[in-house]
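>>> predicted coordinates and the sequence they were generated for:
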Amino acid sequence: MDPHNGRRPEEHGAQEHPAGPLPSKAGSPQFVPPDGPARTARLITGDYLLTVNPVDGSEIVPTPPGEEPGTPQKQSAKERTERTRATSAPPVPPGGLAHPVDQLPLLERQEETERLTRLLTRGRSVRLTGPAGAGRTRLLDAVAAACAGLAPDGVVRLSGYRRTATDLMYDLFAAVYRAPAYRPGRPELLTALAGIGAVVVVDDLEFGGEPLEELLAATPECAFLLSATPDVPAPAAASHIEEVFVSGLGRAACQELLERAAGRPLTEEEAAWAGDLWFESEGLPLRFLQAGAVLRQRDRLTAGTPEDAAPDGADGSTEAGSDEVPPLPGIPEAGSFATLIAEGLAPTAQDVLRLAVALGGDLPHPAHLPALFKDPRADAALGELLACGLISPAGTHYRLAATVLDQLTAAGYAEGAAGRAHAAAQHYSWWAGHHSVAPERAAAEADALLAVMARLTASRESGHASAAVLLARTAAPAFAAALQWNAWERGLRYGQEAARIAGEVGEEAYFHHELGVLALCLGNLDKARAELEASIGLRGALADRRGAVAGRRALALVADRTGVPVSAEITAAAAGEEVPLVGTDESASPPGSPTAVTTPVPRVDETAATVVTPAVAAAAPPDRAKKKRPVFTGARRNLVAAGAGALLAAVLGTIVTLGATSGSDTPADKVKSDQSAEESKDGGGLTADEPGHGASSGPGRWHGGTGGRTGVPAAGSTRSGAPATGDASGTPGSTAPGDEPTDGTGKPSTPTDRPTGRPTGKPTTGKPTHKPTSRPTQPTQEPTTPTEEPTTTEPTEKPTTGDSQSPSQTASGPSASSPMSAGPSGTAAQDEPTA
């Protein structure tokens, strides 16, 4: 069925178009099209069920059981005929005539027609190559008519204008099979295409090489007739495609064509002029069709018809009704026939040309012209342009003919192009969002809509980017629902760029979301993840909870397909739960981003004996304290675990050290207060004492004397700590906690003999028997913490010499002479000098 249904402009809603600009809500994160409730569409694409939602973004889930599409069935011959009539060519403009060449016999193309038909009959694929304006489309029409009953699935007409190989595969599937709201996956598509037997005619092909070979390999039972210009890449070297080149017409055929286009025989002057034109144009039929329009305008000026005179004061070579015949344009001017013809057109037709230049050569459907120009007869201008050879068919719409765009641009028709595109965007935004416009009708106008978006996105004038955003937001869901995913992706790209330029963050997040869903449907999981994460980040900044939930659900499906673990927040959102806030205004980094791995200052949870970082605390809300999830994976997790272990050991070691040195309880490795020194049986004094020399006030050192407690340690032992204090009688005071005997290795030494209370060495009356060490050392702790380092203290006094003795050399009793004494507070200490 014709997507426009042959309706007049008023039936398309042209008369309902408001005079002023349409209200835009594109800045809102929850945009609703201007025509009321949003229209959704449910599609089956591959293994997914896609729900096109123009408000929060499309939703995609695996196809539920029972909703899988069955095997697609082929259309009947009648259905194929109706579809071919609706999609093979654009409609004839209202009030206009068919293309003048359609009324002519195909001149000098009989040999090419028969050759192409023979090749297709043998099942060979052919590529027809020729310059623009050589009449390739007319030749394709003749060959398609000759091959009507050749294949079981008939002749399928497709347009290659701005289409890829994948697009043509799906177009062929839709032309043969009856499968509404279903886009098969790649395996199902190849299976369906393998069962098609048809003659496929593709005009305006734009690719070659490997993509073309892919298309041919997917359709082994089809014979292709392809039309392309010489600048299109050639087929692969090993391809079996036949090459047929079509050139211009001969001189006699060109003169006959000019006579038929002018509607009268040529004069001798005109015949000579036609010969020069044939030599200059190399016999291209399009040039002679335009030359016929020049002759018709020349005849109207000579006849003096008022309505055919030069419009609005345009310069003409003669006055209307003058007997003087205007001269023929010179051969150098033959390359600019488009400008000469445009000067003699009606104002409305000239405005249509300016709009076409603004849209890059594409023209809207004739039904839109009355609304765009506020002229109920504006659609008839297309018929006039078509008869002059200024426009040509391109799929289901019209575009400017070859070289016409460049000629009109040089003539100044591009002035004010952005303003015209802006007005077209306002009209199309209203029209595409109207509840009576089916997605198929909007998709048929995709080329014009995308051209408007491209022009406005490139413009930097105020308001143009926002108009492009509104148009893309309205048209993109229609493209998706019509299964035109090439147009869908291009519309989303234009919308995303325009939203970025306009600063509309909510709309930019929507386009990122849709691009992620589209990439997921196409199987590009990495691209889908990147787009969805960008959308979630932008929506999180806007506090758009509904949109963020839709993005997280799609991202959870991507993670399921890739096998990458999903965080707890994404899993909760995929299940429809509300993700609780963590009590901080700082947004978390997306999973997998470089900023997600940080090294915060840790704190110690003494109740659980674990190290808690701010990132872990933020990722564990109170209601999910018992749920654990992996934050890091792979090598990154091992690195973080090793660092955390080292940090934990350092913290625990510090706690143990502080507890051992600051508490009042006796450490387990020190001598208890109930152990007293005893004198040995041989009367040698205390078993743990050795006489020594030196001042009694030196820090960390005891000096021996006669018959007193000298505190001389055993050989090979070291000692450090606070200095011992004593009275005049030699009674030592209590030592500071932490002083303990050590051996040479830094470990606490254990006395081999219990002290007896009697001195074991003879008093020293002369020189000291032991040389004092130059630097006492502090006893080293057990290697439980890597943070402690042994410290050293310098002696403050030199040892005494001669007969001088320290007051501490006299012993007052077992308790005073014992190296281990307990004061009233129960503090025990053991001090030994360094040997």
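Everything's here; your move.
>>> would you map the strands across the stretch 101-250 of the chain?
For the stretch 101-250 of the chain, applying DSSP state E, counting those that start in this stretch gives strands covering 126-129, 155-159, 177-178, 182-183, 199-203, 223-228, 242-245.
>>> what helices and strands are in contact with the following helix or strand past the last one?
Right, strand 242-245. Next helix or strand after strand 242-245 toward the C-terminus (DSSP states H and E): helix 251-262. Other elements packing on helix 251-262 under the criterion 3 or more C-beta pairs under 8 Å, 6 or more residues apart in numbering; DSSP states H and E are helix 268-281, helix 285-303. Quick note: C-beta positions are derived from backbone N, CA and C, even for glycine.
>>> can you put those in JSON lines and add mean pLDDT?
Output for these, formatted as JSON lines (pLDDT from 0 to 100):
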{"stretch": "helix 268-281", "mean pLDDT": "92"}
{"stretch": "helix 285-303", "mean pLDDT": "90"}
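>>> redo the ones you listed as TSV? Include distance to residue 116.
Listed next are those as TSV, based on distance: least, C-beta to C-beta, whole Å:
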stretch	distance to residue 116
helix 268-281	24
helix 285-303	18
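>>> out of those, flag the one nearest residue 190.
Closest to residue 190 of the helices and strands packed on helix 251-262 is helix 285-303 (C-beta to C-beta; 39.1 Å).
>>> output the next helix or strand after the closest one as CSV, nothing but the C-alphas.
Next helix or strand after helix 285-303 toward the C-terminus (DSSP H and E): helix 337-343. Extracted C-alpha coordinates of helix 337-343, given in CSV (Å, rounded to 0.1, in the frame of the first residue of the first chain):
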residue,chain,number,x,y,z
PHE,A,337,20.9,25.2,-18.2
ALA,A,338,19.5,24.8,-14.7
THR,A,339,20.0,28.5,-13.9
LEU,A,340,18.5,29.6,-17.1
ILE,A,341,15.5,27.4,-16.6
ALA,A,342,15.0,28.5,-13.0
GLU,A,343,14.9,32.1,-14.0
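>>> pLDDT weak spots in the stretch 451-600 of the chain?
Low-confidence segments of the stretch 451-600 of the chain (pLDDT under 70): 565-600.
>>> the helix or strand residue 465 falls within packs against which elements?
Assessed by DSSP H and E, residue 465 sits inside helix 464-481. Helices and strands touching helix 464-481, by 3+ C-beta pairs under 8 Å, 6+ apart, are strand 41-45, strand 48-52, helix 417-432, helix 439-444, helix 446-458, helix 485-502, helix 505-522.
>>> and residue 386, which of these is closest to it?
Of all these, helix 446-458 sits nearest to residue 386, with 16.7 Å by C-beta to C-beta.
>>> contacts for the closest one, please.
161-162, 358-360, 362-365, 368, 394-395, 397, 399, 417-418, 421-422, 424-425, 428, 432, 442, 464-465, 467-468, 471-472, 475, 479, 484, 487, 490-491, 494-495, 497-498, 501 (C-beta atoms under 8 Å, 6 or more residues apart in numbering).
>>> need the buried ones from the residues you listed selected in PyMOL.
Only the buried entries of the contacts of helix 446-458 go into this PyMOL selection, using 16 or more other C-beta atoms under 10 Å:
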select buried, resi 161+162+358+359+360+362+363+364+365+368+394+395+397+399+417+418+421+422+424+425+428+432+442+464+465+467+468+471+472+475+479+484+487+490+491+494+495+497+498+501
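>>> possible to save the helices and strands packed on helix 464-481 as CSV with distance to residue 657?
Converted to CSV, the helices and strands packed on helix 464-481 look like this (distance: least, C-beta to C-beta, whole Å):
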stretch, distance to residue 657
strand 41-45, 65
strand 48-52, 61
helix 417-432, 73
helix 439-444, 74
helix 446-458, 67
helix 485-502, 57
helix 505-522, 53
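>>> winner for burial among the helices and strands packed on helix 251-262?
The highest mean neighbour count among the helices and strands packed on helix 251-262, using mean count of other C-beta atoms under 10 Å, belongs to helix 285-303: a mean of 22.
>>> and the angle from it to helix 268-281?
Angle, helix 285-303 to helix 268-281, by axes from the mean of the first three to the mean of the last three C-alpha atoms, to 10 degrees: 150 degrees.
>>> next, the angle from helix 285-303 to helix 251-262.
Using the same axes, to 10 degrees: helix 285-303 against helix 251-262 is 50 degrees.
>>> wait, residue 174 sits on residue 483?
Yes - at 7.3 Å, residue 174 and residue 483 qualify as touching, with contact defined as C-beta atoms under 8 Å.
>>> which one's more surrounded, the two?
When residue 174 and residue 483 are compared for neighbours, residue 483 comes out ahead with 23 against 19, by other C-beta atoms under 10 Å.
>>> give me phi/psi at the more buried one?
Dihedral pair for residue 483: phi 70, psi 20, per degrees, to the nearest 10.
>>> do you know how far it is from residue 462?
Using C-beta to C-beta, to the nearest Å, residue 483 is found at 36 Å from residue 462.
>>> could you do residue 515 as well?
For residue 515, the distance to residue 462 equals 27 Å [C-beta to C-beta].
>>> what does residue 47 give?
Residue 47 sits 45 Å away from residue 462, going by C-beta to C-beta.
>>> now residue 149
Taking C-beta to C-beta, one finds residue 149 at 59 Å from residue 462.
>>> go through stretch 642-651 and flag the buried ones.
For stretch 642-651, by 16+ other C-beta under 10 Å, it's residue 651.
>>> what's the mean pLDDT across that stretch?
What stretch 642-651 shows for mean pLDDT is 82.
>>> okay, that stretch in CSV with CA atoms only?
Taking Å, rounded to 0.1, in the frame of the first residue of the first chain, the C-alpha atoms of stretch 642-651 are listed here in CSV:
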residue,chain,number,x,y,z
ALA,A,642,47.4,-7.5,48.6
GLY,A,643,47.5,-3.9,49.4
ALA,A,644,44.6,-4.3,51.9
GLY,A,645,46.4,-7.2,53.6
ALA,A,646,49.6,-5.2,54.1
LEU,A,647,47.6,-2.3,55.4
LEU,A,648,45.7,-4.6,57.8
ALA,A,649,49.0,-6.1,59.1
ALA,A,650,50.4,-2.6,59.7
VAL,A,651,47.3,-1.4,61.6
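>>> contact partners for residue 358?
Contacts of residue 358 (C-beta under 8 Å, 6+ apart): 414, 416-418, 420-421, 424, 455.
>>> and residue 112, by the same measure?
So residue 112 contacts 139, 244, 246 (C-beta under 8 Å, 6+ apart).
>>> where does the prediction get shaky in the stretch 101-250 of the chain?
101-104.
>>> can you show me the helices along it?
For the stretch 101-250 of the chain, the helices defined by DSSP state H, counting those that start in this stretch occupy 110-121, 136-146, 165-176, 186-194, 209-218.
>>> who wins for proximity to residue 659 among the ones you listed?
Nearest to residue 659 among these is helix 186-194; the distance by C-beta to C-beta comes to 67.6 Å.
>>> contacts made by the closest one with the rest, please.
With C-beta under 8 Å, 6+ apart, helix 186-194 has contacts from 46, 72, 169-170, 172-173, 177, 184, 218-221, 523.
>>> list the buried residues of that helix.
Buried residues in helix 186-194, counted by 16+ other C-beta under 10 Å: 188-189, 192-193.
>>> got the CA coordinates for that helix in PDB?
Extracted in PDB, the C-alpha atoms of helix 186-194 (Å, rounded to 0.1, in the frame of the first residue of the first chain):
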ATOM      1  CA  ARG A 186      21.200 -12.500  11.000                       C
ATOM      2  CA  PRO A 187      20.900 -16.300  10.900                       C
ATOM      3  CA  GLU A 188      17.100 -16.200  10.300                       C
ATOM      4  CA  LEU A 189      17.600 -13.500   7.600                       C
ATOM      5  CA  LEU A 190      20.100 -15.600   5.700                       C
ATOM      6  CA  THR A 191      17.900 -18.600   5.800                       C
ATOM      7  CA  ALA A 192      14.900 -16.600   4.500                       C
ATOM      8  CA  LEU A 193      17.000 -14.900   1.700                       C
ATOM      9  CA  ALA A 194      18.300 -18.300   0.600                       C
END
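>>> what sits against residue 205?
Each residue near residue 205 by C-beta under 8 Å, 6+ apart is listed here: 127, 160, 212, 226-228, 232.
>>> please consider this matter closed, and thank you.
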